[in-house]
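A.B. asks: Provide a 3D model corresponding to the input given below.
(one chain, ligands or ions: 2)
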Amino acid sequence: MKLANISMNTLHLKASICHSASINLPGSKSISNRILLLAALAENTSEIHDLLDSDDTHYMLKALMNLGVKIEYLAAEDKKSSLNIRVYGCKGKFPQKQADLFLGNAGTAFRPLTAVLAILGGEYYLHGVARMHERPIGDLVEALQLAGAVIEYKGQTGFPPLQIYPTRQTRNKHISVKGNVSSQFLTALLMALPLTGKAYTIDVCGELISKPYITITLKLLKQFGIQVKHKDFQTFQLPAGQHYHAPPQIFVEGDASSASYFLAAGLISGKPIRVNGIDAHSIQGDIAFIHELEKIGAHVHWGEQFIKISRCSDQPIQPFDIDANHIPDAAMTLAIVALACKETCHIRNIASWRVKETDRIEAMTTELRKLGAHVMATEDSISITPPAKLQADVHIQTYDDHRMAMCFSLVSLLGTSVYIDDPQCVNKTFPEYFKAFTGMCTPI
Ligand SMILES: O=C(O)C1=C[C@@H](OP(=O)(O)O)[C@@H](O)[C@H](O)C1
Ligand SMILES: C=C(OP(=O)(O)O)C(=O)O
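C.D. replies: Ligands and ions are numbered 1, 2, ... in the order given. Next comes the predicted model:
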C-alpha cells in the first residue's frame, strides 16, 4: 500500500500501524570511517566489506583518494546501502602533500583527518558545510599543537575551516586534551600519534564524554596492530615503533544507532521487529540503547547477527529518567519514545547535543512542542511530558540533521499523521531509511 508522498521536500507519513519486519542495517558510520582511514594508512592492502554507503563515508573516501590513496570498488551483494572496496595502504604516508578537502558535516572524517594530516605534515585545507564551521575543534587543535603541529584557523578561532602546514621539529611526548566537548578529539589523537613512530602519553583533562566511542577506537586500533594502554579512560599510552597492519578482510557491523529507530518501533507497536547486522558482541556503544528499552518494557531476543524486539501489548511503556552520556545519538530516539509514556521522562547529561549536526536540545524542544508535548530544556538535559493527544499534521523541521528526520518518523506510529521536512538529510548516514521505515508500516 502507498504510504508516503514526497513533495516540495516534505514527506507525509500517515498515522500507521507497524507490522512485524526484518531490517538489514546499513554499516556503522563510526566503524566505516575509522576503518577507511586506518586501512589507507596501513602497510598492506585490505578488503573492506559492508562499508556504509552514505554522505559521511563518501567524504572520507573522496578525501583519501585526493590524498593519493588507491581505492578500488568491488562488486557488492546489496548495491544500495553498502560498499565493498579494496584499499591499497600507503604505509603511513599520504602520496599527496597538498590538498583541499571538503568534508561536509562528517565529524568522523573531519576530526581524525585533521589529526592525521597535522601529524604527517603537508599543506592541507580542510573545510565543510556552514554547520561544520560552527562545530568546535579548538581542543583538538591545541592538543595537536602540543605535539608539534602547525594549524591555522581560516575562519573563527576554535572552528573549521583549517589550514594545516608542515610540522615543527620539536614534539612534546606528553600531551593533554579536553574530553568534555567531543570524544572524537581523543579518537583523532589515538589514530594519528602512532604515525610518528614515537611513544606518547595522552592525558584527558576533565570529564571524558561519549566513552563507548573511545572503546570502538581502541578495539579497531587493536585489529590494526596498534597497542594502547589506558587507565580509567584518563591516561592513554602509545608505545614507540608501531605500524598499521590491516586485517586482509574486514567486515563492518550494522549501525547500532540506525537500528534504534526500528527497535523503538518494535517497542512502541509491540510488533516483533528484527534488525540484522548487530548482536550482543557488537563493539558499538549504542547497543546499550537496547538495555534501556528492556528496562522500560521491551522484550528483547539477542540472536546471532540479529536482535529482535517486541512488547506485550498489555504492558505499558514505563517512563524513564536516564543519564544518556554514553549513548548520545540513540538518546534522540528515546526522546520520541517518551511520547508513548504516560508521565514525564528525563534525558540527562547530553550537553554534546548542542554541538552536533544542529543544536539538538533546541531542535528537539521546538519540534516536540509543536506536537503538543510539554518540554523543559536545560544546557545539558531535556524533560518531556507527552500531551493527552498529539497534534496531527505537524510539519517537523529537520535542521539538516539526519537523526531529527529519522526519530520523528516514529510519531506516525503513535496514531498521528506527521510531515517530515527535507527528508533527504538522512543521506548523511542512512540514504534508504524512509524506504525501510515505510516498508514496515501500513496506514490506519
Ligand atoms: O566517534 C564517533 O564515531 C562518534 C562520536 C560521538 O560524538 P561525540 O564524541 O562528539 O559525542 C557520536 O555522537 C558521533 O555520531 C560519532
Ligand atoms: C553526531 C553525529 O555525527 P558526526 O559524526 O558528524 O559527529 C551523528 O551522526 O549523530
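
A.B. asks: Straight-line length of stretch 100-112, end to end?
C.D. replies: 16 Å (Cα to Cα, to the nearest Å).

A.B. asks: Likewise for stretch 389-403?
C.D. replies: 24 Å.

A.B. asks: And that stretch, what's buried?
C.D. replies: 390, 394, 396, 397, 398, 399, 400, 401, 402, 403 (16 or more other Cβ atoms under 10 Å). For every residue, glycine as well, the C-beta is placed using N, CA and C.

A.B. asks: what do you get for stretch 120-136?
C.D. replies: Buried, per 16+ other Cβ under 10 Å, within stretch 120-136: 120-122, 124-129, 131-136.

A.B. asks: Which single residue of the stretch 251-400 of the chain ends up nearest ligand 1?
C.D. replies: residue 352 (4.2 Å; Cβ to the nearest ligand atom).

A.B. asks: I'd like to know how many residues surround the one residue in the stretch 201-350 of the chain that gets nearest to ligand 2.
C.D. replies: Closest contact between the stretch 201-350 of the chain and ligand 2, by Cβ to the nearest ligand atom, is at residue 329 (4.3 Å). Neighbourhood size, residue 329 [other Cβ atoms under 10 Å]: 28.

A.B. asks: Without its sequence neighbours, what residue ends up closest to residue 177?
C.D. replies: residue 143 (3.9 Å; Cβ to Cβ, 6 or more residues apart in numbering).

A.B. asks: Tell me which helix or strand the one you found sits in.
C.D. replies: If you go by DSSP states H and E, residue 143 is part of helix 138-146.

A.B. asks: Just give me how far that helix sits from the chain centre.
C.D. replies: Relative to its parent chain, helix 138-146 has a centroid offset of 22 Å by Cα atoms, centre = their mean, to the nearest Å.

A.B. asks: quick one: average confidence on that helix?
C.D. replies: Mean pLDDT, computed over helix 138-146, is 97.

A.B. asks: could you dump that helix to PDB, C-alpha only?
C.D. replies: C-alpha atoms of helix 138-146 as PDB (Å, rounded to 0.1, in the frame of the first residue of the first chain):
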ATOM      1  CA  GLY A 138      39.800  24.000  19.200                       C
ATOM      2  CA  ASP A 139      40.500  21.300  21.900                       C
ATOM      3  CA  LEU A 140      41.900  19.000  19.200                       C
ATOM      4  CA  VAL A 141      44.000  21.800  17.500                       C
ATOM      5  CA  GLU A 142      45.500  22.700  20.900                       C
ATOM      6  CA  ALA A 143      46.500  19.100  21.600                       C
ATOM      7  CA  LEU A 144      48.000  18.700  18.200                       C
ATOM      8  CA  GLN A 145      50.000  21.900  18.600                       C
ATOM      9  CA  LEU A 146      51.500  20.400  21.700                       C
END
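
A.B. asks: list the helices and strands it packs on?
C.D. replies: helix 107-120, strand 150-153, strand 174-178, helix 184-192 (3 or more Cβ pairs under 8 Å, 6 or more residues apart in numbering; DSSP states H and E).

A.B. asks: how about the ones you listed, which one is nearest residue 441?
C.D. replies: Among the helices and strands packed on helix 138-146, the nearest to residue 441 by Cβ to Cβ is helix 107-120 (30.2 Å).

A.B. asks: Disregarding flanking residues, what is the spatial nearest neighbour of residue 213?
C.D. replies: residue 183 (4.7 Å).

A.B. asks: my guess is the one you found contacts residue 207, does it?
C.D. replies: No. Counting by Cβ atoms under 8 Å, residue 183 does not reach residue 207; the two are 10.6 Å apart.

A.B. asks: anything in contact with each of those two?
C.D. replies: Among the neighbours of residue 183, none is also in contact with residue 207 (Cβ atoms under 8 Å, 6 or more residues apart in numbering).

A.B. asks: hmm, back to that, pLDDT at the residue of the stretch 251-400 of the chain closest to ligand 1, what is it?
C.D. replies: 98.
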